[in-house]
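Undergrad: Return atomic coordinates for the entry below.
(chains A and B)
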Amino acid sequence: AQKITQTQPGMFVQEKEAVTLDCTYDTSDPSYGLFWYKQPSSGEMIFLIYQGSYDQQNATEGRYSLNFQKARKSANLVISASQLGDSAMYFCAMERGGTASKLTFGTGTRLQVTL
Amino acid sequence: EAGVVQSPRYKIIEKKQPVAFWCNPISGHNTLYWYLQNLGQGPELLIRYENEEAVDDSQLPKDRFSAERLKGVDSTLKIQPAELGDSAVYLCASSLEWGKTQYFGPGTRLLVL
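TA: Model (predicted):
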């Protein structure tokens, strides 16, 4: 069975600083994808970044980067130059390959950006 | 490009009443998902459609929940009768096809009294 673990229920970061949100996963499938979503108070899940299990390089999307350490089964999200608008819930999710594929989410980390 | 549209955004009903949620996916997206998100938790898949076919409904409580996607575009999720424990956010998502990135709608926040 797939499992996603986010051990940080809440994080604080000062504006313009970088922050790392932790995510570890557990799967026996060789093929899988890892995702990060942002959920502001409005409720919508906003896709941020994707990393495939066979990707050799860490994914980056603007201020977001994914620190993928396959041997440790971790996929941490790094947000650089934090902005007040980054305050939200952040969910790590995994989708394994195969016809039974579905997204499995972690419990989320609430990030608060302060002045 | 318009995103995933859901309605209503909020719904308050009394227990034992029926309720329905509507979802319009991103144009051209063949795969549609319904998720349930309880407070303080990540979303959990209820059902996945490939066009009009429900290909994964293993997590859908079929005694009271039903869903349809008749023409392979819009979808409706229904609960009848609703119970107190159904209070949650119901999220709809779509993707171009299975295995591609899922894009979510704003969700419907249901409160059962």
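Undergrad: From now on I want contacts and neighbour counts done on CA atoms only, so please keep to that.
TA: Fine.
Undergrad: Excluding chain neighbours, what is closest to residue A:106?
TA: Nearest-residue entry for residue A:106: residue A:4, 4.8 Å, with adjacent residues in sequence omitted and distances by C-alpha to C-alpha, 6 or more residues apart in numbering or on different chains.
Undergrad: which regions of chain A sit below the pLDDT cut-off?
TA: When residues are selected by pLDDT under 70, those of chain A lie in A:97-101.
Undergrad: 90 - rerun?
TA: Scanning chain A for pLDDT under 90 picks out the ranges A:1-2, A:27-31, A:42-44, A:56, A:95-103.
Undergrad: SS state for the residue in chain B positioned nearest to chain A?
TA: Closest contact between chain B and chain A, by C-alpha to the nearest C-alpha, is at residue B:106 (4.0 Å). Using DSSP: H, G, I helix; E, B strand; the rest coil, the structure places residue B:106 in coil.
Undergrad: which residues touch it?
TA: A:42, A:43, A:44, A:45, B:4, B:5, B:6, B:9, B:91, B:92 (C-alpha atoms under 8 Å, 6 or more residues apart in numbering or on different chains).
Undergrad: what's the burial count for the residue of chain A found nearest chain B?
TA: Of all residues in chain A, residue A:44 sits closest to chain B, at 4.0 Å by C-alpha to the nearest C-alpha. Counted by other C-alpha atoms under 10 Å in any protein chain shown, the residues lying close to residue A:44 total 19.
Undergrad: With adjacent residues omitted, what lies nearest to residue 54?
TA: Went with chain A since none was named. Once flanking residues are discounted, residue A:54 sits nearest to residue A:31: 7.2 Å by C-alpha to C-alpha, 6+ apart.
Undergrad: please go with chain B instead
TA: Nearest residue to residue B:54, sequence neighbours excluded (C-alpha to C-alpha, 6+ apart): residue B:48, at 5.8 Å.
Undergrad: so what's that neighbour up against?
TA: B:31, B:32, B:33, B:34, B:54, B:55, B:56, B:57.
Undergrad: one step back: the residue nearest to residue A:54 is in contact with residue A:70, isn't it?
TA: No: if you go by C-alpha atoms under 8 Å, residue A:31 and residue A:70 don't touch, sitting 11.6 Å apart.
Undergrad: Quick check: neighbours shared by the two?
TA: Common neighbours of residue A:31 and residue A:70 (C-alpha under 8 Å, 6+ apart) are residue A:53.
Undergrad: ok so, going back, of the contacts of residue B:106, which is the nearest to residue A:24?
TA: Closest approach between those and residue A:24, by C-alpha to C-alpha: residue A:45, at 20.0 Å.
Undergrad: State the number of residues packed around that closest one.
TA: Using other C-alpha under 10 Å, residue A:45 has 25 neighbouring residues.
Undergrad: where do the strands sit along chain A?
TA: Taking DSSP state E, the strands of chain A run over residues A:3-5, A:10-14, A:19-21, A:24-26, A:32-39, A:46-52, A:60-61, A:64-69, A:74-79, A:88-96, A:103-105, A:109-114.
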